[in-house]
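Enquirer: just a sequence and a predicted model for now, questions to come.
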Amino acid sequence: MSSLEEFVEKLDCADEAERIYAAEDIGYLNSPEGVPPLVRRLDGEPSRAVREAIFQALTRIDGDAAIEGAIRLLSSDDPQIRNQAVEVLRHKGAPSIPWLSAVMQDGDKDVRKLVLDVLSGVESSGAEAIYRAALGDPEPNVVITAVENLGRTRATGFRRPIEELLLAASHPMLGGACLEALAGIRSEEHTS
């Protein structure tokens, strides 16, 4: 049986197939120690297939290490890496909420928006604080994304803050998002 160290070594192999197998094997080991070498490899990996294998491995690895690794990838300059990190975090689900909450407080505007992209695919009642922070965010795109998510999920508990945003909206896209969200929320309230 091969060890984690052998698989990590093969991540730097010239042969693309070997790198794919190494990433897959690290994922099957399900060891948190495999996360840092996978995340590091993404930086210089030219092969999309190898990147896919790395993200599949991160999805397979249980625990906080994989969540933390994916959170760090939200700051990548590479849009494919950012989007794949969003998918990994969606797959991780509710356990990622505390990490997402911390990033929502400390991340830059692009990362804060990506946090909301993650939440659009996560069923969790623990996300209310993140949404409350997002509705007061100084970046309009963050606020708009939060309102859109809350409208899609018909989050009746956010009707009042969305109404207040609509009344104060100076951004036309925010006003439109608020109207659409409120229509969904009101229809949910009438069917409940």
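Expert: Here it is on my side, so go on.
Enquirer: show me what the strand or helix carrying L42 is packed up against.
Expert: Taking DSSP states H and E as the definition, one finds L42 inside helix 35-44. Helices and strands touching helix 35-44, by 3 or more C-beta pairs under 8 Å, 6 or more residues apart in numbering; DSSP states H and E, are helix 16-29, helix 48-60, helix 64-73. C-beta: built from backbone N, CA, C; applies to glycine.
Enquirer: which residues are contacting the helix or strand following the last one?
Expert: Reading on from helix 64-73 to the C-terminus, the next helix or strand found by DSSP H and E is helix 79-92. Outside helix 79-92, the residues that touch it by C-beta atoms under 8 Å, 6 or more residues apart in numbering are 42, 48, 51-52, 55, 58-59, 66-67, 70-71, 73-74, 76, 96, 100, 114, 117-118, 121-122.
Enquirer: repeat that for stretch 110-126.
Expert: Stretch 110-126 is contacted by residues 74-75, 82, 85-86, 89-90, 93-94, 96-98, 100, 103-104, 107, 127, 130-131, 134, 137, 139, 141-142, 145-146, 149, 152 when judged by C-beta under 8 Å, 6+ apart.
Enquirer: let's see it at 6 Å
Expert: With C-beta atoms under 6 Å, 6 or more residues apart in numbering as the test, stretch 110-126 has contacts from 74-75, 86, 89-90, 93-94, 97, 100, 103-104, 127, 134, 141-142, 145-146, 149.
Enquirer: got the buried residues for the longest helix seen in the chain?
Expert: Of all the segments assigned as helix in the chain under DSSP state H, the longest by residue count is helix 172-191. Applying a neighbour-count criterion of 16 or more other C-beta atoms under 10 Å, one finds L174, G175, A177, C178, A181, L182, G184, I185 buried in helix 172-191.
Enquirer: repeat that for stretch 74-83.
Expert: Residues L74, S76, I81, R82 are the ones in stretch 74-83 that count as buried (16+ other C-beta under 10 Å).
Enquirer: what is the nearest of those residues to K10?
Expert: Proximity of the buried residues of stretch 74-83 to K10 (C-beta to C-beta) peaks at I81, which lies at 20.9 Å.
Enquirer: dump the helices and strands packed on helix 35-44 into CSV; add mean neighbour count, distance to L4 and mean pLDDT as well.
Expert: Rendered in CSV, the data for the helices and strands packed on helix 35-44 read as follows (neighbours: other C-beta atoms under 10 Å; distance: least, C-beta to C-beta, whole Å; pLDDT from 0 to 100):
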stretch, mean neighbour count, distance to L4, mean pLDDT
helix 16-29, 20, 6, 97
helix 48-60, 20, 12, 97
helix 64-73, 21, 13, 97
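Enquirer: TSV for the ones you listed, including distance to H190?
Expert: What follows is those, written out as TSV (distance: least, C-beta to C-beta, whole Å):
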stretch	distance to H190
helix 16-29	46
helix 48-60	39
helix 64-73	38
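Enquirer: list the contacts of V143.
Expert: When contacts are counted by C-beta under 6 Å, 6+ apart, V143 touches D137.
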